[in-house]
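**Student:** coordinates for the following, if possible.
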Amino acid sequence: MTVAARDALEYATRDEFLKLYAVLAGGWVLILLGQFVFSTSLGSLLALIGLLGMFAGLLVVLAAVVAVLHKVLAESATEEK
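**Tutor:** Modelled structure (predicted):
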């Protein structure tokens, strides 16, 4: 089965996917901010906050990736029926 590039782009840029991509990008930003705070902090409390920010960002990224995969698999299963 082949899919046209136009159809693939239309599928990947649907409103539901764009929301999930925004969550994914937000997670990356949280990871980068947490890493910046962690590496530039002089006090242990700021380092802890930066570390927690990195872990929270990682959790958000993983959740967004799982959500995208779940959506793709769920929609492909309904299209086969």
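
**Student:** can you map out the helices along the protein?
**Tutor:** Listed in chain order, the helices of the chain (DSSP state H) span 5-12, 15-40, 44-80.

**Student:** got TSV for the ones you listed, with mean neighbour count too?
**Tutor:** For the C-beta atoms, the positions are set from N, CA and C on the backbone; glycine is no exception. Shown next, in TSV, are the helices of the chain (neighbours: other CB atoms under 10 Å):
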stretch	mean neighbour count
helix 5-12	10
helix 15-40	14
helix 44-80	13
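
**Student:** and the ones you listed as CSV, adding mean pLDDT?
**Tutor:** Below are the helices of the chain laid out as CSV (pLDDT from 0 to 100):
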stretch, mean pLDDT
helix 5-12, 91
helix 15-40, 95
helix 44-80, 92
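
**Student:** distance of the spatially most central residue of the chain from residue 39?
**Tutor:** Nearest to the geometric centre of the chain sits residue 24, at 2.0 Å (CA atoms, centre = their mean). Between residue 24 and residue 39 the computed distance is 23 Å (CB to CB, to the nearest Å).

**Student:** now swap in residue 56 and tell me
**Tutor:** Taken as CB to CB, the span from residue 56 to residue 39 is 17 Å.

**Student:** equivalent analysis for residue 21, please.
**Tutor:** 27 Å.

**Student:** kindly report the same for residue 29.
**Tutor:** Distance of residue 29 to residue 39, given as CB to CB: 16 Å.

**Student:** swap in residue 16?
**Tutor:** 36 Å.

**Student:** extract the C-alpha set from stretch 38-48 and format it as CSV.
**Tutor:** The C-alpha coordinates for stretch 38-48 follow below in CSV (Å, rounded to 0.1, in the frame of the first residue of the first chain):
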residue,chain,number,x,y,z
PHE,A,38,20.8,22.7,36.8
SER,A,39,24.1,23.5,35.1
THR,A,40,24.2,27.2,36.0
SER,A,41,22.8,27.0,39.6
LEU,A,42,25.1,27.8,42.5
GLY,A,43,22.8,26.7,45.2
SER,A,44,21.6,23.2,45.8
LEU,A,45,17.9,24.2,45.8
LEU,A,46,18.1,25.6,42.3
ALA,A,47,20.0,22.5,41.2
LEU,A,48,17.2,20.3,42.6
